[in-house]
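J.: One predicted model, sequence on top.
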Amino acid sequence: MGDEETLREMAIVGNLSNEQAITAYKTAVLARTLDTKIINAQRQGIIGFHVPAQGQEMIQIATAMLADKEDLIFTYYRDLALYLQRGVPLSLIFDQMLGNSNDFQKGRQMPDHFSFKEFNFSTVQSPVGAHLPLTVGAAYSMRYTKKNGIVITTFGDGATSTSDFHAALTMASVYNLNVLFICENNGWAISLPASKQTKAEIYKKGAAYGIPGKRVDGNDLIGSLSGLQEAFDYVRSGKGPYLVEAVTYRIGPHSTSDDPKKYRVDEITDGSEKDPIKRLENLLLKMGVVDSNFVMTTKAQAKESVDKEMEERMNIPPTDPLSIFDDVYEKPTWIQEEERRDLNVSD
Ligand SMILES: Cc1ncc(C[n+]2csc(CCOP(=O)(O)OP(=O)(O)O)c2C)c(N)n1
Ligand SMILES: [Mg+2]
């Protein structure tokens, strides 16, 4: 099955086995299938909103592969594949997207703004870059409380223009904190191309703060893994923060509220030459690690499990609207009691 050749090709990342590459491929296919399912559900009015991760799966998967369980991860809103590779089940993803009564956040957050506490993910923030200073604070707290692990954060190219990015890199550097900053540069901040966002190369921005930076091919599993490994090693060894710029590609719209045809005329393509899943698929086929039958079966199985899971989670009743009064004060105030009575009256 060409194992020897495959391992030689993959040796640059050290210990990547065929099994790990296959698992990464399966996760990527599952993430792509899930994204498509959610977009369709949004179009049918079942889910309110979605930010697809299509095209950005491989850097996300590589990040999750190198992260330890005890590492704390602050993702941004476009990281579906990262959650799946870290083991978050489809059920929890659908519960949040649907805001059903099983949703940990009780339906109060926008779709895609997950909180997977048991997988060591912090809550996703909507304001661009707002999570970056929190990431640094978390790293400081982990050091203070002598917790093991590093803090990893992901964000877009647009986020590097925010004052929060500046504040976060300054503090992380000055306090020599164990933070790995991973920028998923997909070339766009909604309709603003990266060329209008900054004239600088993003990975070089770290230098202004005394933070090493590196650009990696975020559309390639092996490129992402080998590039990230050095950054993970650096941060884990306690040398301080590190900035990775993963060059990737947003295949779809910014979100389900966006119509890229309005601004992306020249760029519209199916992304196939940059599609990270196609690239890994081609490599695995070329190396004889998998065959076309395996590819077909993987896609069919992903569709089956996504369809089945969504149907099951849709059968869970919605969150009780009256639960909006929970978790606000220890004892409800008279205003809350009054509002609760008003809401409870059916007409
Ligand atoms: C502070 C702030 N400004 C503007 C917005 C509106 N907004 C939401 S996503 C986005 C683009 C962010 O682009 P980027 O950081 O490159 O991430 P991407 O969406 O491309 O993955 C903008 C401007 C926001 N949410 N927060
Ligand atoms: Mg972007």
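T.: Yep, it's here. Residues are numbered from 1 along each chain as shown. Ligands and ions are numbered 1, 2, ... in the order given.
J.: Flag every residue of the stretch 51-200 of the chain that's near ligand 2.
T.: Contacts of the stretch 51-200 of the chain with ligand 2, taken as C-beta under 5 Å from the ion, map to 156-157, 186, 188-189. Quick note: C-beta positions are derived from backbone N, CA and C, even for glycine.
J.: what's the one helix or strand Lys214 maps to packed up against?
T.: For Lys214, the host element (DSSP states H and E) is strand 213-217. Counting contacts by 3 or more C-beta pairs under 8 Å, 6 or more residues apart in numbering; DSSP states H and E, strand 213-217 packs against helix 221-236, strand 242-247.
J.: Quickly compare these and say which is most buried.
T.: Of all the helices and strands packed on strand 213-217, strand 242-247 carries the top mean neighbour count, a mean of 26, counting by mean count of other C-beta atoms under 10 Å.
J.: Need the residues that contact whichever helix or strand comes after that one.
T.: Proceeding N to C from strand 242-247, the next assigned helix or strand is helix 276-286, under DSSP H and E. Helix 276-286 has contacts (C-beta atoms under 8 Å, 6 or more residues apart in numbering) with 9, 21-22, 24-25, 28-29, 32, 55-59, 218-222, 248-249, 272, 290-292, 295.
J.: before we move on, back to that, need the helices and strands packed on strand 213-217 in TSV with mean pLDDT, can you?
T.: TSV is the format used below for those (pLDDT from 0 to 100):
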stretch	mean pLDDT
helix 221-236	95
strand 242-247	98
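J.: before we move on, back to that, out of the contacts of helix 276-286, which are inside strands?
T.: Members of these lying in strands (criterion: DSSP state E): none.
J.: Buried by neighbour count, from those residues: which ones?
T.: 9, 21-22, 24-25, 28-29, 32, 55-59, 218-222, 248-249, 290 (16 or more other C-beta atoms under 10 Å).
J.: Pick out the residue of the chain closest to ligand 2.
T.: Gly156 (3.6 Å; C-beta to the ion).
J.: Now do the contacts for the closest residue to that residue other than its chain neighbours.
T.: Nearest residue to Gly156, sequence neighbours excluded (C-beta to C-beta, 6 or more residues apart in numbering): Glu184, at 5.8 Å. Each residue near Glu184 by C-beta under 8 Å, 6+ apart is listed here: 56, 59-60, 76, 78, 154-157, 218, 246, 248.
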